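Chemist: Below are the sequence and a predicted model for it; my questions follow.
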Amino acid sequence: MSAPTPVRGNPVVLIEELRRFPLKRRRVPGPGIVQVYSGRAGRLSCPPGGLSTGELLWLGPRLVYDIDVSRHDVRHRFEAQSADGSLVADVEVHAAWRTVAPIVVVASNVSDGPSLVEAALEALLQHTAAAPWRTAAELTGHLAEAPTVVELPQGIGVEEIRWVVLSVLATEAAAPGGDPETESVSLAGADA
């Protein structure tokens, strides 16, 4: 049996019901896949390398979840408004996400990793952009101080977060002053 193709964005690649007496050879998960076992009373475990046939017989897990722990690149575009509402910045973010806690992913019933990552990145941008800024350079400076690694409570880790301020435009309620411009910042390798 070949390895299942991951569903785009779902860290849970496959859920398989196990027999009490494992008589046939179990398939080996492919690269970038770890297995989480659901035992009696719903207890979850993720032993390195999976369970042997003897352990399957002795422990008697009911389900096995194949979890994708490989890297997934993402790119999103957001708008951020200045604290006084006079400026709007068009900001692009490049990042990568992966499952960092497979047991937590199963316990949290995560089914759409990219949407969780997008919401977390947007919240990080809005929190960072809440600091006062009047130019793209000032916003870029604030974004340079933002974390480059974030771990979500659902067991997903976001890393290598890089922000690019594409443009800053004055809104209709803008006060004179400030020089809208385009700036970019790369935060790869910076410490959070």
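Modeler: Yep, that arrived. Remember, it's a predicted structure, so these values are computed and weren't measured experimentally.

Chemist: CA atoms for contacts and neighbours, from now on please.
Modeler: Noted.

Chemist: So in that sheet, which strands flank the lengthiest strand in the chain, and in what orientation?
Modeler: If you go by DSSP state E, the chain has its longest strand at strand 156-170. Within its sheet, and counting by DSSP bridges, strand 156-170 is paired with strand 87-99 (antiparallel), strand 150-151 (antiparallel), strand 183-184 (antiparallel).

Chemist: in that strand, what counts as buried?
Modeler: 156-165, 167-170 (16 or more other Cα atoms under 10 Å).

Chemist: and what of stretch 62-81?
Modeler: Buried, per 16+ other Cα under 10 Å, within stretch 62-81: 62-69, 72, 77, 79-81.

Chemist: low-scoring pLDDT stretches of this structure, where are they?
Modeler: Applying pLDDT under 70 to the chain flags the ranges 1-8, 21-26, 172-192.

Chemist: Quick one: the helices in it, in order.
Modeler: Using DSSP state H, the helices of the chain run over residues 53-59, 102-107, 113-129, 136-144.

Chemist: Could you save the ones you listed as TSV and add columns showing distance to Leu87?
Modeler: Below are those laid out as TSV (distance: least, Cα to Cα, whole Å):
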stretch	distance to Leu87
helix 53-59	60
helix 102-107	38
helix 113-129	11
helix 136-144	10
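
Chemist: Now tabulate the ones you listed in TSV and tack on mean neighbour count.
Modeler: Putting the helices of the chain into TSV (neighbours: other Cα atoms under 10 Å) gives the following:
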stretch	mean neighbour count
helix 53-59	14
helix 102-107	20
helix 113-129	17
helix 136-144	21
